[in-house]
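*Asks:* how would this look folded up:
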Amino acid sequence: MKHTPFISIIIMIVGFVGAIGISAKKLMPMRPDMYPKESQDQLERVYMPVLGIDKFYADIQWINLIQDMGQAMLKEGNQKEENPEAKKDKAKYFYRQLDRLTNLSPNTDIFYTNGAMYISHDLPEKAIELLEKGDKYSTVRNWQRANYCAFIQDKVIGARTQDDAAKALMIPKIIQYLETALENNDAPAYVEREWLRKQAILKNIENDELGQLQLWYDHYLSKVVDTTSGMAGEMAGENGTPSQPYINEMDQASQTLRDDIMKKAQKIALDIWNSRTGANAETNKTLDGKLAQVKEIFKAIAPQGHYSPVSLMPYNAGDKFDTATGTPIKVFGICKTCQAKGITTILHGSYCHVCGEKATADEENSSW
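*Replies:* Presented below is the predicted three-dimensional model:
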């Protein structure tokens, strides 16, 4: 009896579908224990129809979902006013869909981040819950989820909170989110800056520029000291801090933070200079003490160079006055032999290219 190919093809298809279905069924216990008890039956039903290709199915559903989100945004834009409860109901629907998608594909990060930011205006607590779900169950480690949690807690929930005491209670939680984000080495510099700003609020020094400068410096120094622990004693500088050459070497990972600290110090120095105008002797004495503290921090981290003792701004060979304040500065890099003859010659090496005289160490390297 002749067999028809049609029957064989049907048998192959049924066997293939059955094999995938059984595989999907077996995969269920291996998935993370991330589902609440009441959703287990729902997940069982979802899992079989997609035949184990849950990530592909989730991607297709995500495309449909972002189209729905776009249509909802377009509709909101065309309406001058919309019932807030209606907007919240839409956000609840989107949250349910996002929760389902992250159940199907827990490692697809865009479901957490983009989805949470979309619903954050209407359901900020649920947005944070979704992001925390990703931090708990996704095997993909990144800084965005925790940073978005901090942003929503601060800029959405915090901005809507009228009670100052309640806002203050949020700061430790925001700091915790930012610290989680900073555990990832690829977190950008602005995450660290925001962490430092929140630390200043927590320490009640948000209006104290010198206190903030000390906070930033202590944080920077702790990073360098952590890296240099166990190094030889000759690495240590004054007060147990790493020596200047070693700080320069270790700044590869903290270059941006160091530059930020230097800019803060320069701003404070200029503010001090401007405050001296018309001030009495007692006030000037206080300002001088403040400037001394700023200079101490600046000198500890600034790369080798020449800086004005008043504004802390860098200057070049042959400069005689600080361009930020107009105050005299110590001239460097000129040939004193030529200068005695009324000629200003900027040195380019150990010998003057005009008169041939050897430059002294002071002429070459004078600083501060």
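*Asks:* Low-confidence ranges, the protein, go.
*Replies:* Along the chain, the parts satisfying pLDDT under 70 run over 1-6, 15-52, 77-82, 225-253, 361-368.
*Asks:* center of it - which residue?
*Replies:* Residue closest to the mean C-alpha point of the chain, counted by CA atoms, centre = their mean, is Val191 at 2.0 Å.
*Asks:* what's the neighbour count on the closest residue to that residue other than its chain neighbours?
*Replies:* Leaving aside its sequence neighbours, Val191 sits nearest to Ala181 (CB to CB, 6 or more residues apart in numbering; 5.2 Å). No exception for glycine: its C-beta is placed from N, CA and C like everyone else's. Residues contacting Ala181 under the criterion other CB atoms under 10 Å number 24.
*Asks:* For the helix or strand hosting Ala181, list the C-alpha coordinates in CSV.
*Replies:* Here Ala181 sits within helix 164-182, counting by DSSP states H and E. Listed next in CSV are the C-alpha coordinates belonging to helix 164-182 (Å, rounded to 0.1, in the frame of the first residue of the first chain):
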residue,chain,number,x,y,z
ASP,A,164,9.2,68.5,54.2
ALA,A,165,9.6,65.8,56.9
ALA,A,166,8.2,63.2,54.5
LYS,A,167,10.6,64.4,51.8
ALA,A,168,13.5,64.1,54.2
LEU,A,169,12.6,60.5,54.9
MET,A,170,12.9,59.7,51.2
ILE,A,171,16.5,60.8,51.0
PRO,A,172,18.1,57.6,52.5
LYS,A,173,16.0,55.5,50.0
ILE,A,174,17.1,57.6,47.1
ILE,A,175,20.7,57.2,48.2
GLN,A,176,20.3,53.5,48.5
TYR,A,177,19.0,53.3,44.9
LEU,A,178,21.9,55.4,43.7
GLU,A,179,24.4,53.3,45.5
THR,A,180,23.0,50.2,43.8
ALA,A,181,23.4,51.9,40.5
LEU,A,182,27.0,52.8,41.3
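*Asks:* for it, packing partners?
*Replies:* Here helix 164-182 touches helix 144-151, helix 158-160, helix 189-202, going by 3 or more CB pairs under 8 Å, 6 or more residues apart in numbering; DSSP states H and E.
*Asks:* Out of these, which is the most enclosed?
*Replies:* Comparing those by mean neighbour count (mean count of other CB atoms under 10 Å), helix 144-151 ranks first with a mean of 24.
*Asks:* relative to helix 164-182, how tilted is it?
*Replies:* 170 degrees (axes from the mean of the first three to the mean of the last three CA atoms, to 10 degrees).
*Asks:* what's the angle from helix 144-151 to helix 189-202?
*Replies:* Using the same axes, to 10 degrees, helix 144-151 lies at 40 degrees relative to helix 189-202.
*Asks:* Output helix 144-151 as CSV, restricted to C-alpha atoms.
*Replies:* What follows is helix 144-151, C-alpha atoms only, in CSV (Å, rounded to 0.1, in the frame of the first residue of the first chain):
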residue,chain,number,x,y,z
GLN,A,144,19.7,52.2,34.7
ARG,A,145,17.0,50.4,36.7
ALA,A,146,18.2,51.6,40.1
ASN,A,147,18.9,55.0,38.8
TYR,A,148,15.4,55.3,37.4
CYS,A,149,14.0,54.2,40.8
ALA,A,150,15.9,57.1,42.4
PHE,A,151,14.7,59.5,39.7
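*Asks:* shift numbering so it begins at 35
*Replies:* Sure, I'll start numbering at 35, so the last one becomes helix 178-185.
*Asks:* Not counting that helix itself, show me its contacts.
*Replies:* With contact meaning CB atoms under 8 Å, 6 or more residues apart in numbering, helix 178-185 is reached by 143, 146-147, 150-151, 154, 161-162, 165-166, 168-169, 208, 211-212, 214-215, 221, 225, 228.
*Asks:* rerun that using 6 Å as the cut-off
*Replies:* 146-147, 162, 165, 168-169, 208, 211-212, 214-215, 225 (CB atoms under 6 Å, 6 or more residues apart in numbering).
*Asks:* what does stretch 345-365 give?
*Replies:* By CB under 6 Å, 6+ apart, stretch 345-365 touches 299-300, 303-304, 307, 332, 339-342, 344, 366-368, 380, 400.
*Asks:* Number of residues surrounding the closest residue to Lys237 other than its chain neighbours?
*Replies:* With sequence-adjacent residues excluded and distances taken as CB to CB, 6+ apart, Lys237 is closest to Leu249, at 6.9 Å. As a burial measure, Leu249 scores 18 neighbours (other CB under 10 Å).
*Asks:* Thanks a lot, catch you later.
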